[in-house]
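Asks: Task: produce atomic coordinates for the following.
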Amino acid sequence: MSNINTVEDILAKLISFPVLGGESNLSIINWVQDYIESHNVTVHMVPNEAGNKASLHCRIGPAVDGGLILSGHTDVVPVEGQDWDTNPFELVDKGDGKLYGRGSCDMKGFLATCLVMLPEIVKANLIKPIYFAFSYDEEVGCLAAPDLIEHIKKTYAETPKYALIGEPTLMEPIVGQKGIYILETAVNGSAGHSSRIKQEVSAIHESARLILWLENKMNDLIDTGRIDNRFNPPHTSIHIGQFKGGIAPNVIADKASFFWDLRTIPMDDTESIIAEFDAHCRTREQELKAIYPDFKIKTVEDHWPVPPLDTKETDDVVSIIKKISGHSKVNTVAYASEAGQFKNGGFQSVICGPGSIIQAHRANEFITKDELKKGMKMISKLIIEMSHPDFT
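Replies: So this is what the prediction gives:
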């Protein structure tokens with residue numbers, strides 16, 4: 001680790017690991033483990049069942065209640081099909097104040113600021129502990145966070161109170177996010193000649209009716225006042241992103257399916273919306289079995305639901321993050337992150353980190369050097385706050 005001295009050195013190393021969501025992250029997580037342990041900090045690994053992926057967490061400071069977790073993920077989204085000017089997995093400085101590379105913004109920039117500040121955290125006379133919690137598979141559904149959170153709660157005798165999820169927000173504290181649930185609905189109808197459309201059950205026609213039901217459900221939520229103006233759009237959204245079915249224009253489709261995502265504002269309940277849709281599907285099955293006894297509608301999750309975040313502005317964590325981030329106003333986002341999972345795990349949670357979400361997931365992703373400095377300054381201020389006898 002002797003040649004790893006600056007935040008740019010660390011960011012370059014992190015970006016050099018081309019770990020996509022869903023793939024093994026052992027290369028990057030083992031490097032991070034070695035780096036942390038080189039500073040005499042004990043690291044706890046949280047492997048998946050297959051043993052090809054792992055999250056990690058560690059504590060720096062005293063074993064007392066009331067600490068704060070710095071949380072981030074190690075995986076990134078694919079680069080295939082994107083028009084990159086440089087090697088995505090090599091940190092490139094073009095001299096324009098920006099550092100280019102996949103994950104530079106989302107969210108290896110934040111990880112780099114945590115790691116480069118580790119020596120300062122270790123040296124500090126902390127009154128309350130600071131924890132690192134780094135996960136895998138965030139980009140494919142926030143899959144690892146629940147196990148990581150439970151492992152943290154079981155490992156330490158003390159209880160952390162706060163969590164800062166360092167997604168790129170331009171250092172603006174984010175107190176709300178929408179939840180997300182992605183599902184696939186498959187319809188099994190009867191094949192036949194297109195002239196017999198009234199005597200058969202078209203899987204495509206029935207899928208279209210289900211899609212219309214979902215759109216109407218979204219509109220009903222809006223019309224009944226299910227509005228949260230902190231978000232844009234200010235309501236729960238239901239969107240169908242993929243559809244497949246049919247083999248020819250003159251053949252009634254016996255099979256069709258569609259993928260859809262449900263993005264809920266905090267006041268709406270994902271489970272109740274799914275239950276209502278499922279009840280409608282069971283009703284349609286009973287109605288159409290008279291025409292085709294094997295008619296069936298089946299909905300399965302593409303990945304499990306990610307809960308929304310709804311942190312009260314009066315929660316202690318908000319004033320803490322406002323103070324260390326330098327931003328006095330809070331905001332919300334429509335994208336999902338692990339923040340809602342940490343909140344449900346019992347930690348007051350806020351999203352705040354360097355970089356802009358506008359740069360995430362696109363070709364020529366970058367983070368500015370100035371944003372990295374701001375991220376380091378935030379952690380420096382956190383160290384001061386958590387070294388103060390009057391820390392909340």
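
Asks: for this protein, what helix or strand is lowest in average pLDDT?
Replies: Every helix and strand of the chain was ranked by mean pLDDT, DSSP states H and E. The lowest is strand 296-306, at a mean of 91.

Asks: strand partners of that one, parallel vs antiparallel please.
Replies: Partners of strand 296-306 in the sheet, by DSSP bridges, are strand 179-188 (antiparallel).

Asks: Let me know the next secondary structure element after the strand it pairs with.
Replies: Next along the chain after strand 179-188, taking DSSP states H and E as the criterion, comes strand 192-193.

Asks: so how far is that next one off the chain centroid?
Replies: Distance, stretch centre to chain centre, for strand 192-193: 45 Å (C-alpha atoms, centre = their mean, to the nearest Å).

Asks: And for it, what's in contact with it?
Replies: For strand 192-193, the surrounding residues in contact (C-beta atoms under 8 Å, 6 or more residues apart in numbering) are Gln199, Glu200, Asn250, Val251, Ile252. For glycine as for every other residue, the C-beta is placed from the backbone atoms N, C-alpha and C.

Asks: try 10 Å this time
Replies: Gln199, Glu200, Val201, Ser202, Asn250, Val251, Ile252, Ala253, Asp254, Tyr292 (C-beta atoms under 10 Å, 6 or more residues apart in numbering).

Asks: Of these, which pair is most distant in space?
Replies: Asn250 and Tyr292 (18.9 Å; C-beta to C-beta).

Asks: okay, the two: which has more neighbours?
Replies: Between Asn250 and Tyr292, counted using other C-beta atoms under 10 Å, the more crowded position is Tyr292 (18 against 8).

Asks: list the contacts for the more buried one?
Replies: Here Tyr292 is in contact with Asn188, Gly189, Ser190, Ala191, Gly192, Gln199, Glu200, Val201, Ser202, Asp254 (criterion: C-beta under 10 Å, 6+ apart).

Asks: Just the buried residues from these, in PyMOL please.
Replies: Of those, the buried ones go into a single PyMOL selection, burial set by 16 or more other C-beta atoms under 10 Å:
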select buried, resi 188+189+190+191+192+200+201+202+254
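
Asks: taking the contacts of Tyr292 as a set, which two sit the farthest apart in space?
Replies: Maximum distance among those (C-beta to C-beta): 16.9 Å, for Asn188 and Gln199.

Asks: closest to Leu56 among the contacts of Tyr292?
Replies: Asn188 (44.1 Å).

Asks: Now for the closest residue to the closest one other than its chain neighbours, how many residues are close by?
Replies: In space, Asn188 comes closest to Lys296 once its chain neighbours are excluded; the distance is 4.4 Å by C-beta to C-beta, 6 or more residues apart in numbering. For Lys296, the neighbour count with other C-beta under 10 Å is 15.

Asks: before we move on, what about Lys323?
Replies: Around Lys323 there are 16 residues (other C-beta under 10 Å).

Asks: Same check on Lys312?
Replies: 11.

Asks: Just say helix, strand or coil for it.
Replies: coil (DSSP: H, G, I helix; E, B strand; the rest coil).

Asks: can you tell me which residues contact it?
Replies: Val175, Gly176, Val318, Gln348.

Asks: got it, and Ile291?
Replies: Gly189, Ser190, Lys198, Gln199, Glu200, Val201.

Asks: Kindly report the same for Arg209.
Replies: Counted by C-beta under 10 Å, 6+ apart, Arg209 has contacts Val187, His280, Arg284.

Asks: quick one on the thing from earlier: didn't the residue nearest to Asn188 look like it was pressed against Ala256?
Replies: No. Between Lys296 and Ala256 there is no contact under C-beta atoms under 10 Å: 11.8 Å.

Asks: For those two, list the residues in contact with both.
Replies: Ala186, Val187, Asn188, Gly189, Ala203.

Asks: Give the closest residue to the first one in space, chain neighbours not counted.
Replies: The shortest distance from Ala186 to any residue that is not its chain neighbour, by C-beta to C-beta, 6+ apart, is 4.1 Å, and that residue is Ser257.

Asks: Check the burial of that neighbour by counting its neighbours.
Replies: What Ser257 shows, counting by other C-beta under 10 Å, is a neighbour count of 18.

Asks: Met218 - nearest residue in space that isn't next to it in sequence?
Replies: Closest residue in space to Met218, ignoring its immediate chain neighbours: Ile238 at 4.3 Å, by C-beta to C-beta, 6+ apart.

Asks: Next, that neighbour: secondary structure please.
Replies: strand.

Asks: Repeat that for Ser55.
Replies: strand.

Asks: which residues touch it?
Replies: 25, 29, 44-48, 71, 73-74, 133-138, 144-145, 147-149, 151-152.

Asks: And stretch 320-333, end to end?
Replies: End-to-end distance of stretch 320-333 (C-alpha to C-alpha, to the nearest Å): 20 Å.

Asks: what separates it from the chain centre, distance-wise?
Replies: With C-alpha atoms, centre = their mean, you get 20 Å for stretch 320-333.

Asks: Strands of the stretch 151-300 of the chain, residue ranges please.
Replies: Listed in chain order, the strands of the stretch 151-300 of the chain (DSSP state E, counting those that start in this stretch) span 162-165, 174-177, 179-188, 192-193, 237-245, 251-252, 255-264, 296-306.

Asks: okay, those, which one's buried deepest?
Replies: Mean neighbour count (mean count of other C-beta atoms under 10 Å) peaks for strand 162-165 among the strands of the stretch 151-300 of the chain, with a mean of 29.

Asks: Tell me if I'm right that Pro234 and Pro266 touch.
Replies: No. Under the criterion of C-beta under 10 Å, Pro234 is not in contact with Pro266, lying 11.8 Å apart.

Asks: Now list whatever residues contact both of those two.
Replies: In contact with both Pro234 and Pro266: Asp228, Thr332, using C-beta under 10 Å, 6+ apart.

Asks: Give me the neighbour count for Gly103.
Replies: Neighbour tally, Gly103, other C-beta under 10 Å: 30.

Asks: and the residue nearest to the spatial centre of the chain, what does it touch?
Replies: What sits nearest the mean C-alpha location of the chain, by C-alpha atoms, centre = their mean, is Ser337, with 2.7 Å. Going by C-beta under 10 Å, 6+ apart, Ser337 touches 71, 73, 107, 138, 142, 145, 165-167, 169, 174, 177, 180, 306, 309, 349, 351, 353.
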